[in-house]
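In: 3D, please:
(chains A and B)
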Amino acid sequence: MTELGQIWRVACYEWFDALRSRRALVVLLLYMAAAVCNMHWSINLLHKLENELVTVLQLPPSEHAGVVSTTLWKSKPFQRMMKQMTQNDLVLQDITGKHPVELIYAWFAFFYTPLLVVLVAGSRIAEDLGSGAVRYMIFRISRSSWTLGKFIGQALMIGFALVLSSLGAYAVAKYRLAGSGTPDLFLNMVQWSVRAWIFSFPYLGLAMGLSLLTKSASKATVMGIIAITVCFVVSILLHHFTGDTGWRAYLPYLGLLVPDEHKMYMWRNSLAPLVTGTTYLIALGFCYLLTGYAFFRHRDT
Amino acid sequence: MKTALFLPFALLLGLAIGGWAPKEELRARQREVDDLRKKLAESDKESRTDVFTSMVKIPSRASRPAAPKFHASSSADPRHNAPDGEMESATNAVPPLPSPSAAPGKPPPKPEDLRARIDEAKELWKTRVDIARAQWIERLKLNQDGTALFDESINAMNERLYTAMQDLADQLAATDTLTPEDGTRAFNEMTDALVQAYDDLNAIVPEDMQGEVAKTELTDFIDPAVAEPLVAVQDKLEKLPRPQGQRMRLLK
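Out: Alright, predicted model coming up:
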């Protein structure tokens, strides 16, 4: 069997194992619950905010959430406010006019996916190392194929869960916004799920790369959580300390190694930033994973 | 397979190196855009001084810092200050104030200072007014007497504008405040000077040429030195609250 065949076999086994142990169901439920609850609450919140706004403006209240916000997008002062918030003209141009519910879903998807990835996939390799199950596998296939197979299996499972969760979120949005005259959001939500999935790649690589360093599943999860927290903090610090002169001018290049720095590429509409962002994020994911693999390859299992 | 494992690292390195130059270029352009935006925002912050000086076509800031002048002329005729061979305008009737930058030991004025702005505007004006004067004399088909009367009208206009500015400066020096009524009256006095100049010009040209007079841009002939009385009260003008709403803007 070729190396690629071995990787595919491990990835398929990862799915089979997840289905057999009901793990797949738990992952799916977790993502679905996050997406559905987030959609329900965000529509509630949006509706309340809009009602407050129309009260202040002395206008008749709207029956459905999103009607006021969609109109608000067209106002220049509101666009200026959003520009200050996003601090990125190009992203603002691309998201202007989109339905607020869709944007809230996208924002949450980008926010919770890394966390869920670390919680769900962070312990997968460490469990096999701890139980000794890995010995049966690496007797037949190479360690690299096993590592990459695990990674691809988990990535596909997360992608599937994200797309299904967008279906759940869409169903809630469709029910709550029925008759509001809003455009059909289904394809847009699936698209945002795919983007969030690509964004989750480096976090998955980071969690699984760290998982290769320990035999304890709980330790691997904790290390994963610490690692993504460090990533967020580093990203904030880099923005804070970046300057125009001296060593501060080189800080943005250090940011290339942090996934959060490439997030805005995934919020764009045009192909060039999307392709660049995707390439960066997937490459980063593999780099993190293979750094962990470099420690694992000579380790006694 | 082992070589393939290095692929993501190579790709990341390639992306980082490949993106270095464009990112640097982008940063430089971004800095330029930020500077331009800052300058634009600054130019929007118009003070009360600018409200009056813009009417007499004085730039909001000098394009370069004024060079210190150590040989101030005591002559009241500005034409004596002109360098040899420079075209002399016959339409400068405003007695110049001694330049503060002329005093030895004093630093040269900043580009935002009214003195520097007037000095720069005067330099440009001398050349510009001579060209405009020659064009209009030819266009209005004026003879020698007509030309003298044309110069006289322009000089009278500049004198009236100077007087209006002097009145404004005196009032501000005395009271430290400028009410909307004072501002409106000052503008009225200034526009009245221009209207009177149009009347004077209409009187010296034949009836069939009066349509041409109406096309004359008299602000081209305003000597920037008419704003010199404001130099003494520039600080007070800048400290005054900005005009509210669109009222003052409409007067501009």
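In: Give the full set of residues in contact with A:A133.
Out: Contact analysis of A:A133 by C-beta atoms under 8 Å, 6 or more residues apart in numbering or on different chains lists A:E127. Any C-beta I mention is one placed from the backbone N, CA and C, and that applies to glycine too.
In: now it: how far from chain B?
Out: Distance of A:A133 to chain B, computed by C-beta to the nearest C-beta, to the nearest Å: 22 Å.
In: where does that residue fall, phi/psi-wise?
Out: phi -60, psi -30 (degrees, to the nearest 10).
In: Read off the pLDDT value for it.
Out: For A:A133, the pLDDT comes out at 86.
In: and A:T242, how many neighbours does it have?
Out: When neighbours are defined as other C-beta atoms under 10 Å in any protein chain shown, A:T242 has 14 of them.
In: helix/strand/coil for the nearest residue to it once chain neighbours are set aside?
Out: Leaving out its chain neighbours, the residue that sits closest to A:T242 by C-beta to C-beta, 6 or more residues apart in numbering or on different chains is A:L251, at 4.6 Å. Per DSSP: H, G, I helix; E, B strand; the rest coil, the secondary structure class of A:L251 is helix.
In: residues contacting whatever residue of chain A ends up closest to chain B?
Out: Chain B sits closest to A:F286 of chain A, with a gap of 3.5 Å, by C-beta to the nearest C-beta. Listed by C-beta under 8 Å, 6+ apart, the contact set of A:F286 reads A:F151, A:G205, B:L7, B:P8.
In: which SSE is it in?
Out: For A:F286, the host element (DSSP states H and E) is helix A:271-296.
In: Count the residues that sit near A:L251.
Out: 15.
In: List the contacts of it.
Out: For A:L251, the contacting residues are A:L238, A:F241, A:T242, A:G243, by C-beta under 8 Å, 6+ apart.
In: and the residues you listed as a markdown table, adding secondary structure and distance to A:S123?
Out: Shown next, in a markdown table, are those (DSSP: H, G, I helix; E, B strand; the rest coil; distance: C-beta to C-beta, whole Å):
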| residue | secondary structure | distance to A:S123 |
| --- | --- | --- |
| A:L238 | helix | 29 |
| A:F241 | helix | 34 |
| A:T242 | coil | 35 |
| A:G243 | coil | 40 |
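In: who's in contact with A:T221?
Out: Going by C-beta under 8 Å, 6+ apart, A:T221 touches A:V118, A:L119, A:G122, A:S123.
In: and which of these is nearest B:E228?
Out: Set against B:E228, the nearest of the contacts of A:T221 by C-beta to C-beta is A:V118 (72.3 Å).
In: tally of neighbours for the residue in chain B positioned nearest to chain A?
Out: When scored by C-beta to the nearest C-beta, chain B has B:P8 as its residue closest to chain A, at 3.5 Å. Neighbour count for B:P8, taken as other C-beta under 10 Å: 20.
In: Return the helix or strand containing A:I7 as CSV; C-alpha atoms alone will do.
Out: Following DSSP H and E, one finds A:I7 within helix A:3-20. What follows is helix A:3-20, C-alpha atoms only, in CSV (Å, rounded to 0.1, in the frame of the first residue of the first chain):
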residue,chain,number,x,y,z
GLU,A,3,1.9,6.1,1.8
LEU,A,4,-1.2,8.0,0.5
GLY,A,5,-3.3,4.8,0.7
GLN,A,6,-2.1,4.3,4.3
ILE,A,7,-3.0,7.9,5.2
TRP,A,8,-6.5,7.4,3.7
ARG,A,9,-7.0,4.1,5.5
VAL,A,10,-6.1,5.7,8.9
ALA,A,11,-8.4,8.6,8.2
CYS,A,12,-11.3,6.3,7.3
TYR,A,13,-10.6,4.2,10.4
GLU,A,14,-10.8,7.4,12.5
TRP,A,15,-14.3,7.9,11.1
PHE,A,16,-15.2,4.3,11.7
ASP,A,17,-13.9,4.4,15.3
ALA,A,18,-15.8,7.7,15.9
LEU,A,19,-19.0,6.2,14.7
ARG,A,20,-18.6,3.0,16.6
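In: Just after it, pick out the following helix or strand.
Out: Moving toward the C-terminus from helix A:3-20, the next helix or strand (DSSP H and E) is helix A:23-56.
In: Can you name the residues of chain A sitting close to chain B?
Out: A:3, A:142, A:144-145, A:244, A:249, A:252-253, A:256-257, A:276, A:279-280, A:282-287, A:290, A:293 (C-beta under 8 Å from any C-beta of the partner chain).
In: buried subset of these?
Out: Neighbour-count burial (16 or more other C-beta atoms under 10 Å in any protein chain shown) applied to the residues of chain A next to chain B gives A:142, A:144-145, A:253, A:256-257, A:279-280, A:282-287, A:290, A:293.
In: tell me which element B:T163 is part of?
Out: Using DSSP H and E, B:T163 falls in helix B:144-175.
In: tell me which parts of chain B are close to chain A?
Out: Residues of chain B lying near chain A by C-beta under 8 Å from any C-beta: B:1-2, B:5, B:7-9, B:11-12, B:15-16, B:19-20, B:23, B:27, B:31.
In: Which of those has the largest number of neighbours?
Out: B:P8 (20 neighbours).
In: in the stretch 151-300 of chain A, which spans are helices?
Out: A:186-211, A:217-241, A:251-254, A:271-296 (DSSP state H, counting those that start in this stretch).
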